[in-house]
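S.K.: Sequence unavailable; structure follows:
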C-alpha cells in the first residue's frame, strides 16, 4: 500500500534507475511489511538547479548521487520498523546500484487506509477484509 | 482546497491530458465537495523506467494507460465520500479520455486547513469564515 | 526537517530558479523555525498543459508566473507561524525574482518525526536528542 516518489539528478542510465527501483522495493518488502507485488513508484530526474540539497545537514557528505525517497504509506508502522527500513534501504542501495548511505534521504508520510483506491474505482480493502478473502 | 498530482506515461497528445485533467476535476466537483473553480493540478509525464507499477496488485490488469492520481485535501472527507469519488472518477475517465477503471489508482492525503495559502500570503479561510463572507 | 516541492511553468532561466529556491528557503529560515543548512527542495518545471490552476479561486488573479510550493514538515508548527511564513514568503519572492503575491500558493503537510532519515540509514534525531548533542 505504499507508493514511493524518488528524485535524483539526471544522467544515470536506465539500468541504474531499474536497480534503484528494485532496491527501494526490496528494502520495503524485507523490512516495511510490504507485499512483493505491492510496487508503485514514480521517479523524477532533475537538472542540477531543480534538485537542491544541503551537502552536510544531519549527515552526509552528500554527493551528486543524492537520492530523495518520499514514501506515502497507508498502514501504520512503528518507529522500530521505520528504523529497520532506513538501515536496510541504505544497505541494499550501497550494494547496488552503489549509492553511499550518506546520499540516501527518506521522508515517510502516512495517510488513512480509506485514502487508497488501487484500481476499479473501489477503496482498498481494510486489513481484516484482506484476511477474510 | 484539494490539489491533485497526476502521473502517467509520456506519449499522450495534449488533448488527452486536458480531458484527463477535466475528468479528475469533474469527479471531484460532483462527489468530493470541491467548488467548480477550486482547481489545482500538476501533471507529471514519465519515461517507462520512471513509472513503476505492478500490473495486478489489488486490481488491474493495469496497462500502459495507468494513471496515478495523488490528492492532497484540506477538508476532512468521510469514507463514503471517498468511495463515491473513486467510483465516479473511474466512470468519468472511462468515458473520456477512455481510461479503463483498472488503470486508475488514487491516493488521498489530508492536511490541516491552516496548511493552505492560495494566494497573497494569507492562510485559507476557515469554513465558518467562508460562510461569513 | 522540511522539504519543499515546487512547481512552475517551464521557460524561466536557471538564475530565476536559483533565486526562487533561495527565497523559499530564506522565508523558511526567517519564519518557519528552519535551520540555515536544513535545505532540501525539488523543482518541477511544467508544460502549460501540465500545470493547471484556476486564475481567481480564493485570491489571484494568478498569472503564468504561478508557483505551487508544497512543503512537508516534520516538526509541528502553529497556525500563527504558518501565517507568518506565508506572509514573509510572498514578501521575499516579490522582491526577487519578482513573483507577485497573487501567484504564490502554498500547501503545508505534516509528517511524524520518525518519518525522516536524512542520511546514513538512521532516523532523524528527536528534538530533545538534538538539544542533548
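M.R.: Received it, and whenever you're ready, just let me know what you need. Fair warning: this is a prediction, and the values are worked out from it, not measured in the lab. Residues are numbered from 1 along each chain as shown, chains lettered A, B, ... in the order given.

S.K.: Chain C contacts on chain A?
M.R.: Residues of chain A lying near chain C by C-beta under 8 Å from any C-beta of the partner chain: A:7, A:44, A:46, A:49-54, A:56-60, A:62, A:68, A:70, A:79, A:82-83, A:86-91, A:101-110. From N, CA and C alone the C-beta is placed, and that goes for glycine too.

S.K.: From those, list the ones also adjacent to chain B.
M.R.: Answer for these near chain B (C-beta under 8 Å from any C-beta): A:44, A:109.

S.K.: Can you tell me which of the residues of chain A next to chain C are buried?
M.R.: A:7, A:44, A:46, A:49-54, A:57-60, A:62, A:68, A:70, A:82-83, A:86-90, A:101-110 (16 or more other C-beta atoms under 10 Å in any protein chain shown).

S.K.: now, which of those lie within strands?
M.R.: Among those, DSSP state E puts A:7, A:44, A:46, A:51-53, A:68, A:70, A:104-110 in strands.

S.K.: Quick check: pLDDT value at residue A:130.
M.R.: pLDDT for residue A:130: 46.

S.K.: ok, now the one 3 residues further on?
M.R.: Reading off the per-residue confidence, residue A:133 sits at a pLDDT of 36.

S.K.: can you map out the helices along chain A?
M.R.: For chain A, applying DSSP state H gives helices covering A:14-31, A:79-95, A:127-132.

S.K.: and the closest residue to chain C within chain A, what does it touch?
M.R.: When distances are taken as C-beta to the nearest C-beta, chain A reaches nearest to chain C at residue A:59, 2.3 Å away. By C-beta atoms under 8 Å, 6 or more residues apart in numbering or on different chains, the contact set of residue A:59 is A:102, C:118, C:119, C:120, C:122.

S.K.: what stretches of chain A score poorly on pLDDT?
M.R.: A:126-133 (pLDDT under 70).

S.K.: can I get the helices of chain A in JSON lines with distance to residue C:114?
M.R.: Shown next, in JSON lines, are those (distance: least, C-beta to C-beta, whole Å):
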{"stretch": "helix A:14-31", "distance to residue C:114": "14"}
{"stretch": "helix A:79-95", "distance to residue C:114": "4"}
{"stretch": "helix A:127-132", "distance to residue C:114": "21"}
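
S.K.: For residue C:96, which of the ones you listed is the nearest?
M.R.: helix A:14-31 (35.4 Å; C-beta to C-beta).

S.K.: Up against chain B, what does chain A have?
M.R.: A:3, A:14, A:17-18, A:21, A:25, A:35, A:37-45, A:72, A:109, A:111-112, A:114-125.

S.K.: Give me the buried subset of the residues you listed.
M.R.: A:3, A:17, A:21, A:25, A:38-45, A:72, A:109, A:111, A:114-121, A:123-125.

S.K.: With adjacent residues omitted, what lies nearest to residue A:95?
M.R.: Excluding the flanking residues, the one nearest residue A:95 by C-beta to C-beta, 6 or more residues apart in numbering or on different chains is residue A:23, at 7.7 Å.

S.K.: again with residue A:89
M.R.: Closest to residue A:89 by C-beta to C-beta, 6+ apart is residue A:27, at 4.0 Å.

S.K.: so the one you found makes contact with residue A:84?
M.R.: No: judged on C-beta atoms under 8 Å, residue A:27 makes no contact with residue A:84 at a distance of 9.2 Å.

S.K.: which residues do those two both contact?
M.R.: Shared contacts of residue A:27 and residue A:84 (C-beta under 8 Å, 6+ apart): none.

S.K.: Quickly note the distance from residue A:58 to residue A:22.
M.R.: Applying C-beta to C-beta, to the nearest Å, the value for residue A:58 to residue A:22 is 27 Å.

S.K.: Could you do residue A:48 as well?
M.R.: 26 Å.

S.K.: Over to residue A:49?
M.R.: As judged by C-beta to C-beta, residue A:49 and residue A:22 stand 29 Å apart.

S.K.: can you check residue A:13 too?
M.R.: In terms of C-beta to C-beta, residue A:13 sits 14 Å off from residue A:22.

S.K.: Neighbours of residue A:30, how many?
M.R.: Residue A:30 has 15 neighbours, counted by other C-beta atoms under 10 Å in any protein chain shown.

S.K.: I'd assumed residue A:88 was in contact with it.
M.R.: Yes: between residue A:30 and residue A:88 there is a contact under C-beta under 8 Å: 5.7 Å.

S.K.: Quick check: residue A:103 touching residue A:68?
M.R.: No: look at residue A:103 against residue A:68 with C-beta under 8 Å: they stay out of range, at 9.7 Å.

S.K.: got any residues that touch both of the two?
M.R.: Common neighbours of residue A:103 and residue A:68 (C-beta under 8 Å, 6+ apart) do not exist.

S.K.: what about the residue of chain A found nearest chain B, distance to residue A:40?
M.R.: Proximity of chain A to chain B (C-beta to the nearest C-beta) peaks at residue A:119, 2.3 Å away. Per C-beta to C-beta, residue A:119 is found 11 Å from residue A:40.
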